[in-house]
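Enquirer: sequence and predicted structure are below.
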Amino acid sequence: MLEEIGHEVLEADNGEHALERLDAESAVDLVLTDWDMPVMNGVTLLRSLRSHADHYALPVVMVTQNARPENVREAMVAGATGYITKPFSRNSILEKLTALGCEIHPAPDRHRVLVVDDAAVVRRMLAQRIESDPELELAGVAKDGQAALAFVDSDCPDIVVLDVEMPGMDGLETLARMRARYHHLPVVMYSVLTERGARETLEALSRGAVDYVTKPQAVNSPEEAAQQIDGGLLAKVKAICGEQRLRARPTVIAAPPQPPVSDAKTELITIAASTGGPDALLGMLSQLPATFPIPIVVAQHMPPIFTEHFARRLDRDIALPVREAHHNDRIEGGGVWILPGGKASTLDLDWQVPVIHVSDVLDRGPNPSADRLFRSAARIRGPGVLAIVMTGMGRDGMLGSAAIATAKGRVLVQDCASSVVSSMPHAVIESGVAEQELPPDALGRELLRSAQSHRKQPHD
């Protein structure tokens, strides 16, 4: 902590070692010492310093677990400048240094995370991973919804990681109460990869959670679990918290919106989405009537089980029929096909009709892969493809969008301002192939215009 705010730090493991280091250094400004140490404890060290002419006025702060009033009095009588009891927070150290007149340099921005889970082992694992990440700070932990709400009321964090299934006040009820009190506090659901977990997580997204992450499954060691947490949950937490800084960066589109490169009718719509995608997709697809004639294929980054439940929920909420795609599904007429999670999917032609090919041979990145979907769409439909890249982490969809643009198809993106995380659409914007940058409802209206053009074209 001290090094992060610009101080040079010397270390000693007992009082005698500390005296040796102090005698060898001429420019020590402050001593922080524990009480209980071997060889020479902190109080003996303090008395030695106060009896030494060179160190008589050196500020000394006792940082210890000895919190009894008589211990505090003994330390202060011995000459302590300050007293902090363990466990201490970053803020308590900074406040003490400020009170002592020490210079405080701006520390790197760290996102404060509240962890809410009824399982102690999960709380402990997440706390350890958060505390080891230089971009994050553990704001606190709570074992149930009531404790979480009380914590947020007293010390609002930057983001909440919330378990779905908890006794008493579960994750859904806790989320609803947080949303009612703190409209802009981002909440990431942390759920198990089960049927019930999928249903409740998708319900949480509809109630205002910004995203979700599934808990590590089938891990062989604590190290493997830690890697999954770092690469999954913590990466998503940092991306969501850092989005405000990303939005502040100016966005430039190489040219003003232009009409399609060719006059070909739109025959196929492909969509890529990740973090924040379910809500954005609902906002866009709810603009379309049941008679919308162009087939839509969606690569939404989700694990297995979740895509099936997402398709059912979307089918319930919009006019178009929605289904999870299966191997050899024929893409004809209006409707929405959600590519299955945990599978690699592409489009091929069967007697000039697009069919979905689903494989267990996975890509190295997310599965389903937007790049894989877009490239295959460009191959079979070329200028007849309209691709949309929506909110999400990473760059999936950028290379596929380039392939569609090369084939004279159209590429639209969700605007960064309405994206939960804008990395995916921003990557396409930076590549120069985005025709327009629009919020979800405007993207829906653009799809309607494409359908009107579709109807005006004579059939082949």
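Expert: Happy to help now that I have it. Numbers count the residues shown, from 1 in each chain.
Enquirer: how about low-confidence regions in the chain?
Expert: For the chain, the stretches with pLDDT under 70 are 4-5, 26, 87-92, 100-108, 218-219, 244-263, 363, 453-460.
Enquirer: domains of it?
Expert: Domain segmentation of the chain under automatic domain parsing yields 15-99, 111-241, 268-456.
Enquirer: which of the ones you listed sits most buried?
Expert: Highest mean neighbour count among the domains of the chain (mean count of other CB atoms under 10 Å): domain 268-456, with a mean of 20. (Each C-beta comes from the backbone N, C-alpha and C, glycine too.)
Enquirer: run the chain-centre distance for that one.
Expert: Here domain 268-456 is found 22 Å from its chain centre; the criterion is CA atoms, centre = their mean, to the nearest Å.
Enquirer: one more: stretch 41-56?
Expert: Put simply, stretch 41-56 sits 49 Å off its chain's centre (CA atoms, centre = their mean).
Enquirer: repeat for stretch 135-145
Expert: The chain centroid and the centroid of stretch 135-145 are separated by 15 Å under CA atoms, centre = their mean.
Enquirer: please export the C-alpha coordinates of it as PDB.
Expert: This file holds the C-alpha atoms of stretch 135-145, laid out as PDB (Å, rounded to 0.1, in the frame of the first residue of the first chain):
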ATOM      1  CA  GLU A 135      -6.700  -2.900 -10.200                       C
ATOM      2  CA  LEU A 136      -9.200  -4.100  -7.600                       C
ATOM      3  CA  GLU A 137      -9.800  -3.500  -3.900                       C
ATOM      4  CA  LEU A 138     -12.000  -5.700  -1.700                       C
ATOM      5  CA  ALA A 139     -14.600  -3.300  -0.300                       C
ATOM      6  CA  GLY A 140     -16.100  -6.100   1.800                       C
ATOM      7  CA  VAL A 141     -17.800  -9.400   2.000                       C
ATOM      8  CA  ALA A 142     -21.400 -10.300   3.000                       C
ATOM      9  CA  LYS A 143     -22.900 -13.800   3.600                       C
ATOM     10  CA  ASP A 144     -26.500 -12.900   2.700                       C
ATOM     11  CA  GLY A 145     -28.700 -10.200   1.200                       C
END
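Enquirer: need the strands for the stretch 101-250 of the chain, in chain order.
Expert: With DSSP state E, counting those that start in this stretch as the criterion, the stretch 101-250 of the chain has strands at 111-116, 136-142, 159-163, 187-191, 211-214.
Enquirer: now distance to residue 16 too, for those strands, in CSV please.
Expert: Shown next, in CSV, are the strands of the stretch 101-250 of the chain (distance: least, CB to CB, whole Å):
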stretch, distance to residue 16
strand 111-116, 39
strand 136-142, 34
strand 159-163, 44
strand 187-191, 47
strand 211-214, 49
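Enquirer: quick one: which of these is nearest residue 443?
Expert: Nearest to residue 443, of all these, is strand 211-214, at 19.8 Å by CB to CB.
Enquirer: what packs against that closest one?
Expert: With contacts defined as 3 or more CB pairs under 8 Å, 6 or more residues apart in numbering; DSSP states H and E, strand 211-214 has these neighbours: strand 187-191, helix 195-206, helix 235-241.
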